[in-house]
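Colleague: Any chance you could fold what I've pasted below:
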Amino acid sequence: MATIPQEIERAKYISLSTFRRNGAPVATPVWFATDNNKIYLYSALDAGKMKRVRATGKVTVVPCDVRGKVAAGAVPTSGSAVELPAERGPIVHGLLNRKYGWKKHTMEFFMAIPEKLRIRKASADGFVEITLD
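Modeller: Purely as a prediction, here's the structure:
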């Protein structure tokens, strides 16, 4: 288990690359939090990144901006990801709340509107723990 590089610790977003079964990477910018040399994030349980974590567990992470643009010279770090049981959700949410505060609460408020209006079906949260190589 490697320590988390400072550039990842300080980043607001990371580009999380998960891998399809054929080995093709799929990058997604995500919010994350760190604790005890592990990276934590959450996503909709039925999201593609969650399916790919379940299928391969192989990931790379690199700091990025909100749109996923990786800074010049940033080096991806590989690791392994596992889906956490739902009981660990409050811990992950607590870490993210501490890091993002009102921004996370605001995002969740607006994400819930289509679900309340029944425009989009509500999806359960899936939680991921990443250990870097």
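Colleague: Show me what the worst-scoring helix or strand of the chain on mean pLDDT is packed up against.
Modeller: Among the helices and strands of the chain, helix 102-116 carries the lowest confidence by mean pLDDT, DSSP states H and E, at a mean of 74. Where contact means 3 or more CB pairs under 8 Å, 6 or more residues apart in numbering; DSSP states H and E, helix 102-116 is packed against helix 89-100. All C-beta spots, glycine's among them, are computed from the backbone N, C-alpha and C.
Colleague: So what pairs up with the closest residue to D125 other than its chain neighbours in the strands?
Modeller: The shortest distance from D125 to any non-neighbouring residue, by CB to CB, 6 or more residues apart in numbering, is to Y42 (5.0 Å). According to DSSP bridges, the residues that bridge with Y42 are F127.
Colleague: And for the chain, the residue most distant from the center?
Modeller: Distance from the centre of the chain peaks at L117, with 26.4 Å (CA atoms, centre = their mean).
Colleague: per-residue pLDDT, that residue?
Modeller: Each residue has a pLDDT score; the one for L117 is 72.
Colleague: what are the ranges of the strands in the chain?
Modeller: Secondary structure of the chain (DSSP state E): strands located at 13-19, 25-30, 33-35, 38-44, 58-64, 77-84, 125-132.
Colleague: Can you list the low-confidence ranges for this structure?
Modeller: Flagging of the chain using pLDDT under 70 yields the residue ranges 1, 105, 115-116, 118-123.
Colleague: picking that back up, please tabulate the strands of the chain in CSV, including the columns mean neighbour count.
Modeller: Shown next, in CSV, are the strands of the chain (neighbours: other CB atoms under 10 Å):
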stretch, mean neighbour count
strand 13-19, 22
strand 25-30, 16
strand 33-35, 16
strand 38-44, 20
strand 58-64, 21
strand 77-84, 17
strand 125-132, 20
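Colleague: That concludes my questions; thank you for your assistance.
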